[in-house]
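*Asks:* Here's my sequence, what's the structure:
(one chain, ligands or ions: 1)
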Amino acid sequence: MSEKQHPKLEIILSANEIEEGQLKGRLVVVIDILRASSTMITALSNGATKIYPVEETDQAFRLVQNMDRKQVLTLGERNGVIIEGFDYGNSPLSCTPEVVGGKQLIMTTTNGTRALEYSKGAEEILVGGFLNYSAILERVEGALYQSIPVTLFCAGWRGCPALEDTLFAGMILNALLERGNPSLQPLSDAGHMAICLAQRLGEKAPVGIVKQSDHARRLAGLVGEDEVEVCCSMDACPVLPVMLDGTIELSKR
Ligand code: 3SL
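*Replies:* Numbers count the residues shown, from 1 in each chain. From the prediction side, this is the model:
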């Protein structure tokens, strides 16, 4: 159990920062804008019934063996590229209603599904991104109002912060700041940095900053520019994906 006192509202910039027990009793928003969060939000919004996030490729292959193959799809990537033997990569553009409607998905990604694994044990686990920004903001505000502590958990990239995840968390923090939410105090250095980033954005759309990120550059050449644009579409899928007992479904709240 961590000795550190965790504030009512905290931000984690990468999965490597998590300490044992840190998320217990908290509402956790897992953020992996490029692209795990965006793929999951799109898939559930387009009719996928359930997502099984797993950390390792082997786990996905074992799981699918015991399921009705007609009802289930495997989605995943390593270093941005579809995993051999999987049905699809990790792309919101693949998750059309025709492809995912009525299907269960097994997913494994480099950082996003790892962050979800680390979140197990939290009071409530949500998947957040620009696609469901307002729904996440509303739930975070509601939780703080009910005195439930909140963690904005940025998946980052291989243990390092990612610009796009930090920007999203900063936008949530900045919106709470503008509304005078008292839970922001005390604000950590990470929180200050995230807010500065969001304030730099001003009235502009996030895609301008996200396109400058390391990850957008890593994806260039692997996927088209429209992939990053889709992941940055504000409130395009106003749903709340929630992870319960290891699987993610739309919240019934
Ligand atoms: O790291 C992850 O979980 C992925 O979202 C990375 S990628 O965008 O599919 O390369």
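*Asks:* most centrally placed residue in the chain?
*Replies:* The centre of the chain sits closest to Ile31, judged by CA atoms, centre = their mean, with a distance of 2.8 Å.
*Asks:* I'd say that residue and Gly170 touch.
*Replies:* No. Ile31 sits out of contact with Gly170 when judged by CB atoms under 8 Å, with a separation of 10.7 Å. Backbone N, C-alpha and C define where each C-beta goes, glycine included.
*Asks:* hang on, Ser233 packs against Asn132?
*Replies:* No. Here Ser233 lies out of contact with Asn132, judged by CB under 8 Å, at a distance of 10.4 Å.
*Asks:* who's more crowded, the two?
*Replies:* Neighbour comparison, Ser233 and Asn132: the larger count goes to Asn132, with 29 against 18 (by other CB atoms under 10 Å).
*Asks:* count of residues packed around Met234?
*Replies:* Neighbourhood size, Met234 [other CB under 10 Å]: 14.
*Asks:* So it versus the ligand, what's the distance?
*Replies:* 19 Å (CB to the nearest ligand atom, to the nearest Å).
*Asks:* residues contacting that residue?
*Replies:* 130-131, 133-134, 205-206 (CB atoms under 8 Å, 6 or more residues apart in numbering).
*Asks:* picking up where we left off before, what's the spacing between the residue nearest to the centre of the chain and Lys204?
*Replies:* According to CB to CB, to the nearest Å, Ile31 and Lys204 sit 20 Å apart.
*Asks:* same question, Leu177
*Replies:* In terms of CB to CB, Leu177 sits 18 Å off from Lys204.
*Asks:* What residues of stretch 113-131 count as buried?
*Replies:* Within stretch 113-131, the residues that qualify as buried are 113-116, 118-119, 122, 124-131, counting by 16 or more other CB atoms under 10 Å.
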